[in-house]
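*Asks:* Below is the sequence, then the predicted model.
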Amino acid sequence: EDKVVQSPLSLVVHEGDTVTLNCSYEVTNFRSLLWYKQEKKAPTFLFMLTSSGIEKKSGRLSSILDKKELSSILNITATQTGDSAIYLCAVEAISTGANSKLTFGKGITLSVRP
Amino acid sequence: DAGITQSPRHKVTETGTPVTLRCHQTENHRYMYWYRQDPGHGLRLIHYSYGVKDTDKGEVSDGYSVSRSKTEDFLLTLESATSSQTSVYFCAITQYGPYGYTFGSGTRLTVV
């Protein structure tokens, strides 16, 4: 059974701090790893990492995939209160007949205090 | 945003009644998914579809069935709702490329 584990489960920081969110996985037929941010409603896409794209950056957010260690980190620098959210890690795996599906971790709740 | 809508947005129903949730997309994407989200469990896959009339089970499929008679619609049915099915249900579609999956806004279902 595919498994995705995120840590820590919750985190409280102050504005300006740098945070690192962790994700490890055990899946068969890995295809990609995705990070999502979820505020009040639906998750919104942040990054997709694959074997050919193991590092992504967008503004204050960056993510790295370590295929050897089967893990990924999401870094947020100079945090702002608007970064408060649940951060979801998901791993896409190829299932039967080349169809793919996502397995999610439980999410990391980040609270950024002014 | 990709054209994906879920209906209803909120529903309260009684134990033992059948319930159908609808996911509608205008993107002509092949793959559609139903997830449920519960505190402490994250998002868990219920069923998914890889084409019209082609569906498969996810990790928490018991008590749920799905149908996809048209590319744009993916229906999730709770045959006989139970309180354990109180949850937020998300539909998702895939956009192959650098953007991952796109989620609908969710349906909050309460079974009393």
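*Replies:* Yep, it's here.

*Asks:* For chain A, which residues are neighbours of chain B?
*Replies:* Counting by C-beta under 8 Å from any C-beta of the partner chain, the positions of chain A adjacent to chain B are A:1, A:32, A:34, A:36, A:41-45, A:48, A:53, A:88, A:90, A:92, A:95-97, A:99-107. The C-beta positions use only the backbone N, C-alpha and C, and glycine is treated the same way.

*Asks:* and these, which of them are in helices?
*Replies:* With helices defined by DSSP state H, no entry of these lies inside them.

*Asks:* Which positions are bridged to the residue nearest the centre of chain B in the beta structure?
*Replies:* Centroid check for chain B by C-alpha atoms, centre = their mean gives B:Trp34 as the closest residue, at 3.0 Å. Counting by DSSP bridges, B:Trp34 forms beta bridges with B:His47, B:Cys91.

*Asks:* Touching, it and B:Ile93? I think so.
*Replies:* No. In this structure, B:Trp34 is not within contact of B:Ile93 by C-beta atoms under 8 Å, at 11.0 Å.

*Asks:* Restricted to buried residues, select the residues of chain A next to chain B in ChimeraX.
*Replies:* Selection of buried members from the residues of chain A next to chain B for ChimeraX, criterion 16 or more other C-beta atoms under 10 Å in any protein chain shown:
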select /A:32,34,36,42,43,45,48,88,90,92,95,99,100,101,102,103,104,105,106,107
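
*Asks:* Just the ones of the residues of chain A next to chain B in strands?
*Replies:* Counted as lying in strands by DSSP state E, out of the residues of chain A next to chain B, are A:32, A:34, A:36, A:44-45, A:48, A:88, A:90, A:92, A:100-104.

*Asks:* By mean pLDDT, flag the weakest helix or strand of the chain.
*Replies:* The chain I'm using is chain A. strand A:100-104 (a mean of 83; mean pLDDT, DSSP states H and E).

*Asks:* my bad, chain B
*Replies:* Every helix and strand of chain B was ranked by mean pLDDT, DSSP H and E. The lowest is strand B:101-103, at a mean of 87.

*Asks:* now the very next helix or strand once past it: mean pLDDT?
*Replies:* Downstream of strand B:101-103, the next assigned helix or strand under DSSP states H and E is strand B:107-111. The average pLDDT for strand B:107-111 rounds to 97.

*Asks:* CA atoms of strand B:107-111 as PDB?
*Replies:* The C-alpha trace of strand B:107-111 is given here as PDB (Å, rounded to 0.1, in the frame of the first residue of the first chain):
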ATOM      1  CA  THR B 107     -19.100  19.400  -0.900                       C
ATOM      2  CA  ARG B 108     -19.600  19.400   2.800                       C
ATOM      3  CA  LEU B 109     -21.900  16.500   3.600                       C
ATOM      4  CA  THR B 110     -23.400  15.900   7.100                       C
ATOM      5  CA  VAL B 111     -25.200  12.700   7.800                       C
END
